[in-house]
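# Fold the following.
(chains A and B)
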Amino acid sequence: MRARVFVTLKPSVFDPQGRTIVEALHSLGYTGVADVRQGKYFELDLATADAALARALAAEVADKVLANPVIESYRIEVD
Amino acid sequence: MRFGVVVFPGSNCDEDAYHAAKDLFGQDAEYLWHKDTDLKGADVLILPGGFAHGDYLRTGAMARFAPIMGPVRTFADRGGPVLGICNGFQILLESGLLPGAMLRNRGLKYRCEHVCLRVEQTDTPFTAAAVQGQVLRIPIGHGEGNYFAPPDMLQQIETSRQVVLRYTNPAGQLDEDWNPNGSVHAIAGLCNAARNVVGMMPHPERACETLLGGTDGRLIFDSVINSFRGSLALHP
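Numbers count the residues shown, from 1 in each chain, chains lettered A, B, ... in the order given. I've put the predicted structure just below:
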């Protein structure tokens, strides 16, 4: 299985990079872009064919390493 | 007193810390390689500045898993004094030895300059020689020193007097214009609940010689050396 893990700063945490990007987009005329949040994306190759197991493993890895729970949250997709 | 200076791949202030301890303060000092598990009899540990493991993933996130960090944690749990400077502070946060996390600097710039710090607490081994409210001038050099803690954690930190240093103006007053990175509550340095583990973004080891533009950093070293002498007198 493959798991995709998307890590972003929590909504309550200010994202200075996202802010800078959205301001740059506005200066280019893309005023329709209301906000940008920058994050990180991980692809995990997992040695299992069980989707539930893959998701649990990805979540464990995300909790322990990929995301810092103080400032970040994550979302997992498995296929 | 024996200083143990932990060296991670990418540490770059390890020699400065070693130099300060050994050459300027005349103490024993040992480098502690990140793959080792022997603290070599150190009485105080310094996690120095730099870019441990290239700051991959997050600052300090990989260093947390280094073999040396097991003994460092045990040492800290037993009350041994541990000082994290800059990247060392980030490692202590990622390790959970101190609460909170670091974000990119407000303004996204790497800031390398002298800042003013107000000493908030003097009952830590690294600020015991200071006077509460004393203003120190010590340099910073970082891109991710924007300290963050969620509101409940922040309240807990303030209630238990864990903020050791704050960015202020030269008069020692809180002033957002003098907060170089956007840290919440202008937090520049922090201790754990037991007060023996301290993290700070500014670099005291770079402020121990007039040649380097100031000597206010000596106070941090004097504090821990004096504290150790005091504990020896109490428990010889």
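# pLDDT value on residue A:52, please?
Looking at residue A:52, its pLDDT reads 96.
# can I assume it sits in a helix?
Yes - assessed by DSSP: H, G, I helix; E, B strand; the rest coil, residue A:52 belongs to a helix.
# Contacts only, for residue B:22.
B:3, B:28, B:29 (Cβ atoms under 8 Å, 6 or more residues apart in numbering or on different chains). C-beta here means a position set from N, CA and C on the backbone, and glycine is covered the same way.
# what about 7 Å?
residue B:29 (Cβ atoms under 7 Å, 6 or more residues apart in numbering or on different chains).
# quick one, phi psi at it?
Main-chain torsions, residue B:22, degrees, to the nearest 10: phi -80, psi -50.
# All the helices of the chain, residue numbers only.
Because you didn't say which chain, this covers chain A. Secondary structure of chain A (DSSP state H): helices at A:16-27, A:51-61.
# that's the other chain; I wanted chain B
Under DSSP H, chain B gives helices at B:14-19, B:69-77, B:87-95, B:151-159, B:218-234.
# so of those helices, which one's packed in deepest?
Among these, ranked by average contacts under mean count of other Cβ atoms under 10 Å in any protein chain shown, first place goes to helix B:87-95 (a mean of 28).
# Kindly list the main-chain dihedrals of the closest residue to chain B within chain A?
Residue of chain A nearest chain B, by Cβ to the nearest Cβ: residue A:70 (4.0 Å). The phi/psi pair for residue A:70 (degrees, to the nearest 10) reads phi -70, psi -40.
# Of the helices of chain B, which is nearest residue A:58?
Among the helices of chain B, the nearest to residue A:58 by Cβ to Cβ is helix B:87-95 (20.3 Å).
# Tell me how far the closest one lies from the chain's centre.
Going by Cα atoms, centre = their mean, to the nearest Å, the spacing between the C-alpha centre of helix B:87-95 and its chain's C-alpha centre is 9 Å.
# ditto for stretch B:44-63
Here the centre of stretch B:44-63 is set off from its chain's centre by 12 Å, with Cα atoms, centre = their mean.
# Can I get the helices of chain B in a markdown table including mean pLDDT and distance to residue B:170?
Output for the helices of chain B, formatted as a markdown table (pLDDT from 0 to 100; distance: least, Cβ to Cβ, whole Å):
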| stretch | mean pLDDT | distance to residue B:170 |
| --- | --- | --- |
| helix B:14-19 | 98 | 25 |
| helix B:69-77 | 98 | 34 |
| helix B:87-95 | 98 | 23 |
| helix B:151-159 | 98 | 24 |
| helix B:218-234 | 90 | 17 |
